[in-house]
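1. My questions are about this predicted structure, shown below with the sequence.
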Amino acid sequence: MAGRLEGQVAIISGGATGMGGAASRLFAAEGAKVAIVDRNKTAAEETAAAIAAAGGEAAVFAADVSDERQVEEAVKGVSQRFGTVTTLFNHAGTIVIKPFLETTLDEWEMLHAVNVRSMFLMTRAVLPQMIANGGGAIVCTSSISAVAATPMEVLYDTTKGACHMFARAIAVEFRDRNIRCNAVCPGFIRTPHGLREVAELQAAGVDVSDAAIAAQQGRIGEPEEVAKAALFLASDEASFINGAHLFVDNGFTAI
């Protein structure tokens with residue numbers, strides 16, 4: 001039985017570790033040729049090696065996805081290696097956890113560059129070839145933080161609000177050219193990023209203890225659960241889903 005992404009060429013930004021790494025492995029297992037675009041070259045190569053060992057196909061394109069030139073070079077390299085890009089998972093992101101009045105303009109600019117500018121640059125770089133090819137699928141990583149504010153996360157919440165609307169606006173503008181763009185919105189997930197967020201929030205006096213997370217979303221999520229949601233949105237199984245926000249939070253935002 002063919003995989004759900006058989007014959008597709010998928011770029012995953014931030015695809016080396018955590019949810020991005022899980023998505024890289026899953027997309028490859030489902031038949032895609034996976035391009036891991038990540039500034040952590042060592043971790044990306046480890047993930048690519050694991051994919052190859054499992055019988056999949058992946059290549060690493062080291063880049064800072066907030067940098068225009070590096071993004072354009074990476075996408076050009078992917079096309080030369082694998083052909084036309086048909087799937088893009090805009091996953092790269094990071095976080096700043098600080099009291100708002102202690103945050104700096106440099107931190108504001110950095111976080112918007114990594115979390116929002118990267119989506120703009122990656123999407124702008126791949127859309128022309130998707131359109132020329134007759135269509136494509138884009139998935140963007142938003143967050144419960146796009147709609148559920150957390151103390152000490154004003155900067156992060158703001159960037160995720162932008163990611164939320166970016167996915168919806170791309171969907172509307174490019175629907176008639178057979179481009180789908182949706183957002184996956186994780187809750188607290190057991191990744192290096194997610195565990196650091198929990199630790200730093202706890203240190204700042206915000207209750208994100210095991211008991212608090214259990215009350216909010218039942219349990220902490222696993223990166224593979226987010227990867228499966230992203231796979232669904234990227235696949236033809238979601239052919240009539242466009243401009244949607246798929247929350248992977250076990251009811252966090254429903255309470």
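-> Great, that's in hand.
2. Only C-alpha atoms from now on, for both contacts and neighbour counts.
-> Will do.
3. now the closest residue to Ala234 other than its chain neighbours, what's its secondary structure?
-> Computed as C-alpha to C-alpha, 6 or more residues apart in numbering, the closest residue to Ala234 that is not its neighbour in sequence is Ala137, at 5.5 Å. What DSSP: H, G, I helix; E, B strand; the rest coil gives for Ala137 is strand.
4. now do Val65
-> Strictly by three-state DSSP, Val65 counts as coil.
5. List the residues that contact Gly134.
-> Arg177, Asn178 (C-alpha atoms under 8 Å, 6 or more residues apart in numbering).
6. State the distance from it to Thr86.
-> When distance is defined by C-alpha to C-alpha, to the nearest Å, Gly134 is 9 Å away from Thr86.
7. OK, contacts around His245?
-> His164, Asn182, Ala183, Val184, Cys185.
8. ok, which pair from the residues you listed is furthest apart?
-> Comparing all pairs in the contacts of His245 by C-alpha to C-alpha, the longest separation belongs to Asn182 and Cys185, at 9.9 Å.
9. So if I had to pick from the two, which one is more boxed in?
-> Higher neighbour count among Asn182 and Cys185: Asn182, with 30 against 24, using other C-alpha atoms under 10 Å.
10. So Ala22 sits against Pro223, correct?
-> Yes: applying C-alpha atoms under 8 Å, one finds Ala22 in contact with Pro223, separated by 6.1 Å.
11. Among the contacts of His245, which ones are in strands?
-> Asn182, Ala183, Val184, Cys185 (DSSP state E).
12. Let me know the closest of those to Ala215.
-> If you rank these by distance to Ala215 using C-alpha to C-alpha, Cys185 comes first, at 18.6 Å.
13. Could you check how far that closest one is from Asp249?
-> 8 Å.
14. With Ala203 instead?
-> According to C-alpha to C-alpha, Ala203 stands 23 Å off from Asp249.
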